[in-house]
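> give me a 3D structure for the following:
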Amino acid sequence: MSMLTDKIEVIEGIRQRDEQAFRLFVDQYKDYIFRICFSFVNDADDAQDITQEVFIKVFESINTFRSDSRMSTWLYRIAVNLSLNYLRSRKKFNLFERLEKVLNPDSILHQTDVNEVDENMEDKRIKLLYEAMERIPEKQKSAFIMHNLEHLSYKEIADVMDISLSAVESLIHRAKKNTSKYIQRKLKNKI
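This is a model prediction of the structure:
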């Protein structure tokens, strides 16, 4: 196959198991998929592994893709589902990790070097936000991440999650409310 520039040609090439078409497809979407996975798992190595799984899934199930829908929405759904599956499989380990963090807080939270105060404060805020996000239900977390980190519209989120617009609004509202409550409670306990 010569130069593949048209998305339809690329998809058709993948359906026919053309390696050049698949390489072009991976090159085009790998950063996009990695960002999605990373926003869920917050670990570069894990996100890279899941990204590879996404492309394997795409290769295996390209015939299920309906050309009348957007490729990015289909890919997003696969990436979110595989990321959530990964998080579910890690849940029992995460419980122990969270307990360990509570019993032995990271040393970064106790550093008092004057030169590192601003950086540490930012690290604390980020860590607190991630803690809050880990404690909200998966659907709320998914909608919140898609809207705030990936900048998807409510309509796009509804398409990815296969739910109504009002359900998306409700999930994002509850996610904000629950993360805010958690953060306020944590900050209040530190004062």
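
> list the buried residues of stretch 29-45.
For stretch 29-45, burial by neighbour count (16 or more other CB atoms under 10 Å) applies to 29, 33-34, 36-41. Bear in mind the C-beta positions are built from the backbone N, C-alpha and C, glycine included.

> any stretches of the chain with poor pLDDT?
1-6, 68, 91-123, 126, 190-191 (pLDDT under 70).

> which residue ranges of it form strands?
Ranges of strands within the chain: none, based on DSSP state E.

> quick one: the helices in it, in order.
7-15, 19-41, 44-61, 71-103, 117-134, 138-148, 154-161, 165-190 (DSSP state H).

> got the angle for the last one vs helix 138-148?
Helix 165-190 and helix 138-148 meet at an angle of 100 degrees, taking axes from the mean of the first three to the mean of the last three CA atoms, to 10 degrees as the criterion.

> helix 165-190 vs helix 154-161, what angle?
Computed by the same axes, to 10 degrees, the angle between helix 165-190 and helix 154-161 is 90 degrees.

> tell me what helix 165-190 is packed against?
helix 117-134, helix 138-148, helix 154-161 (3 or more CB pairs under 8 Å, 6 or more residues apart in numbering; DSSP states H and E).

> any buried residues in stretch 138-145, and which?
Neighbour-count burial for stretch 138-145 [16+ other CB under 10 Å]: 139-145.
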